[in-house]
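Engineer: Predicted coordinates and the sequence they were generated for:
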Amino acid sequence: MADNETITKLKLLSSHSEAGNVRTFVFEASGLTWIAGQAQAYTLPHIGKKEAENQRWFTIASSPNDGEIHVSTRVSQSKFKQALNAMKPGDEIEAHGIEGDFTWEGESTEPVVLVAGGIGITPFRSILKSRQSDGKRLNATLLYFNRDKNVTFQDELDAIRARNSELRIEIVIGEEISADAIIRRVPQSAQQLVYLSGPEPMVEKIGSGLRDQSVSIKQDWFPGYDEKTY
């Protein structure tokens, strides 16, 4: 972190379970502004001896219009995740560095393809909610691969789809994610911009496979997950 970077303390308002071991932590926004799809760094000091153990980057799962910061993550046995899960309303977390270009901005009516692997759904929740709130078109296909039937944001996605006839959502349970599987299920991927979000190894492998087939992509990846834990 740069020495002159501003640190903001965010107060936890509440937390709740989503599906499986995914939990959402709701923080006050404290005047912060961001673009749907961006991420922020969060620090809980004194968890570990190394600074890297005390900090994690999370995509902001809430829309900028929500007036809250939502962090949705799988609660693992890592020291950071356990400390985050132990927070009570009123406790504070340090935050800094909102950034990222995994965003669908502007008034473009060109259709896009959104591909999520498990917890990689979080930026798409923010993006879809934000565009709906702003009255923008949701001319997109969301292909959502999940390892089991515990589908995060299922009800919210169903509600957004019901209000936006252009939006197509397909949820794929327990199948291997690959470039070929994406193109087979969404043939227009070859001609449209593909947003790909999920665990880092998946995004690197599939992103390479899509580029080999001349598919234009934007990528967002989540460290600490693999094909078994996404």
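Structural biologist: Structure received.

Engineer: Okay, strands next: where are they in this structure?
Structural biologist: 8-17, 22-28, 39-43, 55-59, 68-74, 92-99, 112-117, 140-146, 168-173, 193-199, 217-222 (DSSP state E).

Engineer: pretty sure Leu128 contacts Arg161?
Structural biologist: No. Leu128 is beyond contact range of Arg161, at 9.0 Å (criterion: Cβ atoms under 8 Å). Heads up, the C-betas are built off the backbone N, CA and C, glycines and all.

Engineer: do you know how far the residue nearest the centre of the chain is from Glu156?
Structural biologist: Nearest to the mean C-alpha position of the chain, by Cα atoms, centre = their mean, lies Thr122 at 2.5 Å. Distance, Thr122 to Glu156, by Cβ to Cβ, to the nearest Å: 12 Å.

Engineer: which intervals of the protein have sub-threshold pLDDT?
Structural biologist: Applying pLDDT under 70 to the chain flags residues 1-4, 224-230.

Engineer: which residue sits farthest out from the middle of it?
Structural biologist: Outermost residue of the chain with respect to the C-alpha centroid, by Cα atoms, centre = their mean, is Lys49; its distance is 28.3 Å.

Engineer: Contacts for stretch 209-228 next, please.
Structural biologist: Here stretch 209-228 makes contact (Cβ atoms under 8 Å, 6 or more residues apart in numbering) with 37, 39, 57, 59, 74, 76, 78, 100-102, 118-120, 123, 147, 176, 178-180, 182-183, 189-190, 192-204, 207, 230.

Engineer: Selecting buried members of those in PyMOL, what would you type?
Structural biologist: Listed next is the PyMOL selection for buried residues among those, using 16 or more other Cβ atoms under 10 Å:
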select buried, resi 37+39+59+74+100+102+118+119+120+123+147+179+182+183+189+192+193+194+195+196+197+198+199+200+202+203+207+230
